[in-house]
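Q: sequence first, predicted model second:
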Amino acid sequence: MRAALRRRALLPAALLVLALGSLAAGLAGWTRDWPDTLASAQAAAGPRPVVPRGELGADERQTIALFERSRDSVVFITTRERVRDFWTRNVYSVPRGTGSGFFWDEDGHIVTNHHVIQGAAEATVRLADGRDLPATLVGSSPMHDLAVLRIGTASDFRRPPPVPLGTSRDLRVGQRVYAIGNPFGLDWTLTTGIVSALDRSLPNDSGATIEHLIQTDAAINPGNSGGPLLDSAGRLIGINTAIYSPSGASAGIGFAVPVDTVNRVVPQLIRLGRYQRPDIGIELDEAWNERLSASLQVEGVHVLQVRPDSPAARAGLRGMGRDRDGRLQPGDVIVSLEGRPVRSVGQWLGRLDDHAVGDSVRLGVRRDGRTVELRVTLAAGR
């Protein structure tokens with residue numbers, strides 16, 4: 001019995017030895033053949049055949065054609081600022097930032113954002129063909145975040161074509177848009193998306209509110225600022241100006257100044273060097289306005305003073321005054337412009353900007369607990 005058990009115990013071990021022996025013999029044979037197999041595979045190695053893809057899709061061909069038509073009209077802008085060394089008092093020119101722009105006309109005018117050139121002492125424009133040209137500042141409008149540069153145009157200068165002009169008044173949510181710019185210094189980058197929303201409003205550093213902004217999900221990143229936003233026909237419909245992003249990179253929410261605003265402001269910047277905004281001749285203050293709105297529980301634009309012989313004075317608007325005891329008395333509060341509500345100084349400036357110098361506009365004014373209507377003719381702001 002014990003012998004039978006011993007034989008059964010030895011049987012698996014014997015089988016294992018036989019299996020390992022067979023495997024070793026097989027490996028020995030395979031490794032003997034390996035050099036010949038490797039040499040044969042190396043001799044047969046070569047590029048794999050390319051699988052024909054067929055025609056590009058119609059939408060792809062359209063996008064490619066749009067980019068190739070528009071590329072030369074877009075520029076890469078680099079700016080520098082001057083700093084003084086504390087010890088030597090020497091002045092140095094150091095890099096400040098980068099952005100995008102595009103040719104507005106055949107006279108060498110280039111449109112970009114005000115914040116691209118703000119605080120810069122020098123600007124250089126790089127063309128799509130690689131040429132770097134110095135640019136001079138023609139004018140800027142901080143309240144619209146727009147600026148115009150100009151490069152020299154000698155007789156032998158081959159001018160890139162200006163971007164064809166479209167309109168923003170008939171844009172519809174969902175239509176395709178294309179952005180060309182230089183995000184993070186990656187020059188001539190094309191991104192695509194749709195119009196995500198219209199008529200957005202954002203405050204800017206000047207205290208005014210930029211109205212009628214186009215919202216898009218086309219990737220807009222630092223460096224895209226000042227570049228064109230195009231429709232599917234390759235027409236300019238906006239200028240990429242801002243992103244909403246907690247991280248500082250594209251989060252799918254970008255904003256562009258609408259081309260109708262650009263087409264109103266840029267000719268003034270070229271002609272006058274500044275934007276001549278419409279005005280009625282009243283003194284305002286954002287901080288005072290917020291305090292008065294809170295204390296009087298009346299939301300609007302509180303008129304502090306009315307300048308003599310101004311459109312506001314001729315229309316009968318009243319500023320703050322004092323009673324017999326010397327206590328301040330509130331003045332008129334503008335609560336609407338052409339029927340559209342006005343709730344802050346920034347919104348008032350944005351609403352005014354929808355009109356031109358010389359226009360006659362209707363104001364809703366809160367006075368002595370009731371609302372009256374006044375008509376005033378807009379004049380050029382100071």
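A: On my side now, so go ahead. Numbers count the residues shown, from 1 in each chain.
Q: can we go C-alpha only for contacts and neighbour counts from here?
A: OK.
Q: and residue 290, that's in a strand?
A: No: Residue 290 is assigned helix when assessed by DSSP: H, G, I helix; E, B strand; the rest coil, not a strand.
Q: so what's it closest to, chain neighbours aside?
A: Residue nearest to residue 290 in three dimensions, not counting chain neighbours: residue 344, with 7.9 Å by Cα to Cα, 6 or more residues apart in numbering.
Q: got a list of what the one you found touches?
A: 286, 289-290, 299-301 (Cα atoms under 8 Å, 6 or more residues apart in numbering).
Q: which among those count as buried?
A: Applying 16 or more other Cα atoms under 10 Å to the contacts of residue 344, the neighbour count classes 289-290, 299-301 as buried.
Q: would you list those in JSON lines and tack on distance to residue 133 and pLDDT?
A: Output for the buried ones among the contacts of residue 344, formatted as JSON lines (distance: Cα to Cα, whole Å; pLDDT from 0 to 100):
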{"residue": "289", "distance to residue 133": "46", "pLDDT": "85"}
{"residue": "290", "distance to residue 133": "47", "pLDDT": "86"}
{"residue": "299", "distance to residue 133": "50", "pLDDT": "88"}
{"residue": "300", "distance to residue 133": "48", "pLDDT": "90"}
{"residue": "301", "distance to residue 133": "46", "pLDDT": "90"}
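Q: any idea which of the residues you listed is closest to residue 215?
A: residue 300 (26.6 Å; Cα to Cα).
Q: quick check: mean pLDDT across stretch 129-148?
A: Mean pLDDT, stretch 129-148: 92.
Q: what do you get for stretch 371-379?
A: 91.
Q: CA atoms only for that stretch, dumped as CSV, please.
A: Below are the C-alpha coordinates for stretch 371-379, written out as CSV (Å, rounded to 0.1, in the frame of the first residue of the first chain):
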residue,chain,number,x,y,z
THR,A,371,-41.5,109.1,-13.8
VAL,A,372,-41.4,111.8,-16.5
GLU,A,373,-40.2,111.6,-20.1
LEU,A,374,-37.7,114.0,-21.6
ARG,A,375,-36.2,114.3,-25.0
VAL,A,376,-32.5,115.2,-25.5
THR,A,377,-30.2,115.6,-28.4
LEU,A,378,-26.8,113.9,-28.1
ALA,A,379,-23.6,115.9,-28.3
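Q: what bits of this protein have low per-residue confidence?
A: Low-confidence segments of the chain (pLDDT under 70): 1-38, 41, 84-95, 153-156, 205-208, 244-250, 382.
Q: helices or strands next to the longest strand anywhere in it in the packing?
A: Counting residues, the longest strand found in the chain (DSSP state E) is strand 189-203. Applying 3 or more Cα pairs under 8 Å, 6 or more residues apart in numbering; DSSP states H and E, we find strand 189-203 packed against strand 176-181, strand 209-216.
Q: partners of the longest one in the sheet?
A: If I follow you right, that is strand 209-216. The pairing partners recorded for strand 209-216 under DSSP bridges are strand 189-203 (antiparallel), strand 254-258 (antiparallel).
Q: I'd like the ones you listed as CSV, with mean neighbour count appended.
A: Shown next, in CSV, are these (neighbours: other Cα atoms under 10 Å):
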stretch, mean neighbour count
strand 189-203, 17
strand 254-258, 27
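Q: make a markdown table from those and add distance to residue 374 to it.
A: A markdown table is the format used below for the strands paired with strand 209-216 (distance: least, Cα to Cα, whole Å):
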| stretch | distance to residue 374 |
| --- | --- |
| strand 189-203 | 26 |
| strand 254-258 | 30 |
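Q: nearest to residue 363, out of the ones you listed?
A: Comparing the strands paired with strand 209-216 by their distance to residue 363 (Cα to Cα), the top pick is strand 189-203, with 21.1 Å.
Q: from the middle of its chain, how far away would the closest one be?
A: In terms of Cα atoms, centre = their mean, to the nearest Å, the centre of strand 189-203 is found 8 Å from the chain centre.
Q: repeat that for stretch 370-381.
A: The answer for stretch 370-381 is 34 Å, by Cα atoms, centre = their mean.
Q: buried residues, it. List them.
A: In stretch 370-381, counting by 16+ other Cα under 10 Å, buried: 374-379.
Q: now do stretch 266-280
A: 266, 268-270, 273-280.
Q: so of those, which ones are in helices?
A: Mapping the buried residues of stretch 266-280 onto helices (DSSP state H) picks out 266, 268-270.
Q: all strands of the stretch 1-150 of the chain, in order?
A: 74-84, 91-103, 109-112, 122-126, 132-141, 146-151 (DSSP state E, counting those that start in this stretch).
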